[in-house]
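Asker: 3D model of this:
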Amino acid sequence: MKVLVAVKRVIDYNVKVRVKPDQSGVDLDNVKMAMNPFCEIAVEEAVRLKEKGLASEVIVVSIGTAASQEQIRTALALGADRGLLIETDEEVQPLDAAKLLKAVVEQEQPGLVILGKQSIDSDNNQTGQMLAALTGMGQATFASAVEVTDDRVQVTREVDGGLMTLSLKLPAVITTDLRLNEPRYASLPNIMKAKKKPVAVTTADELGLALSPRLKTLKVEAPEPRKAGIKVADVAALVDKLKNEAKVI
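Answerer: Okay, here's the model as predicted:
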């Protein structure tokens, strides 16, 4: 069984994001970039399935600029077998990403597709669901446990009321939650081996698709600085502040 994993290049979560002076977007100049944390979890789960003998090959796909090869190489160092970059300098919104991934699914015919539930830059939480709808596959989002047996996958997912367990017929689409696993660190030997693993490059045109963004960013603003806190003398003063100033009680 092939496992296809989608990864995205984002600003490292430790970096404080800066807005461009003209408010047209986020400033990426000289900013450390990394693999989206939820995508790291997806890669780890795919590699674990391979280590258990349940997956024959792990393929990593990313959509973005040529620099996204860095994140593909990271995934290869973590244990993936080969990579595919769909290269574009255009902004790729969730529906376009899902359509591009659908084209890759049709080419590769994976038994399982694993994505992070969302990316930390746009926080849309849409691509996995859209891909499942476009391909007609079953889907399980927010997975906190995955178990593959024969031609089915059992997924425990986190919902507001607790945990829900789904049984899906393969092929299927899964999106990962934080508690699914803890991603490993790439060892130096594996980093060196990853440099020799194949990474193919294609474009949306070669996949027979044209990118068509449906949303336009008008302005990006930084949040207002948090106001300093105050100290109160006693509980009565605290209740008075909450009631008359904050108006939360």
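
Asker: just to be sure, V58 is in a helix?
Answerer: No. V58 is assigned strand when assessed by DSSP: H, G, I helix; E, B strand; the rest coil, not a helix.

Asker: that one contacts E44, correct?
Answerer: No. Taking CB atoms under 8 Å as the definition, V58 is not a contact partner of E44, at 10.5 Å. The C-beta positions use only the backbone N, C-alpha and C, and glycine is treated the same way.

Asker: of those two, give the one with the bigger neighbour count.
Answerer: Using other CB atoms under 10 Å as the criterion, V58 and E44 rank with V58 on top: 27 against 21.

Asker: what's across from the more buried one in the sheet?
Answerer: Under DSSP bridges, the beta-bridge partners of V58 are V3.

Asker: okay, and the common contacts of V58 and E44?
Answerer: The overlap between the contact sets of V58 and E44 (CB atoms under 8 Å, 6 or more residues apart in numbering) is empty.

Asker: quick check: next helix or strand after the lengthiest strand in the chain?
Answerer: If you go by DSSP state E, the chain has its longest strand at strand 138-149. Using DSSP states H and E, the helix or strand that follows strand 138-149 in sequence is strand 152-159.

Asker: who does that next one pair up with?
Answerer: Strand 152-159 has its sheet partners listed here by DSSP bridges as strand 138-149 (antiparallel), strand 162-169 (antiparallel).

Asker: can you put those in a markdown table and add mean pLDDT?
Answerer: What follows is the strands paired with strand 152-159, written out as a markdown table (pLDDT from 0 to 100):
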| stretch | mean pLDDT |
| --- | --- |
| strand 138-149 | 95 |
| strand 162-169 | 94 |
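
Asker: hmm, back to that, next one: the longest strand of the chain to chain centre, how far?
Answerer: Its chain's average C-alpha position is 15 Å from that of strand 138-149, according to CA atoms, centre = their mean, to the nearest Å.

Asker: and for stretch 173-192?
Answerer: Per CA atoms, centre = their mean, the centroid offset for stretch 173-192 relative to its chain is 12 Å.

Asker: now swap in stretch 102-119 and tell me
Answerer: Distance of stretch 102-119 from the chain centroid (CA atoms, centre = their mean) equals 12 Å.

Asker: ok, stretch 92-108 next?
Answerer: How far stretch 92-108 lies from its chain's middle: 14 Å, per CA atoms, centre = their mean.

Asker: I'd like the average pLDDT over it.
Answerer: For stretch 92-108, the mean pLDDT works out to 96.

Asker: got the CA coordinates for that stretch in PDB?
Answerer: Output of stretch 92-108 as PDB, limited to C-alpha atoms (Å, rounded to 0.1, in the frame of the first residue of the first chain):
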ATOM      1  CA  VAL A  92      -2.500  28.400  -3.500                       C
ATOM      2  CA  GLN A  93      -5.800  28.400  -1.700                       C
ATOM      3  CA  PRO A  94      -7.400  25.200  -0.200                       C
ATOM      4  CA  LEU A  95      -9.600  24.300  -3.100                       C
ATOM      5  CA  ASP A  96      -6.800  24.600  -5.600                       C
ATOM      6  CA  ALA A  97      -4.500  22.600  -3.300                       C
ATOM      7  CA  ALA A  98      -7.200  19.900  -3.100                       C
ATOM      8  CA  LYS A  99      -7.500  19.800  -6.900                       C
ATOM      9  CA  LEU A 100      -3.800  19.500  -7.400                       C
ATOM     10  CA  LEU A 101      -3.600  16.700  -4.800                       C
ATOM     11  CA  LYS A 102      -6.500  14.900  -6.500                       C
ATOM     12  CA  ALA A 103      -4.400  14.900  -9.700                       C
ATOM     13  CA  VAL A 104      -1.500  13.300  -7.800                       C
ATOM     14  CA  VAL A 105      -3.800  10.800  -6.200                       C
ATOM     15  CA  GLU A 106      -5.000   9.700  -9.600                       C
ATOM     16  CA  GLN A 107      -1.400   9.300 -10.800                       C
ATOM     17  CA  GLU A 108      -0.100   7.500  -7.700                       C
END
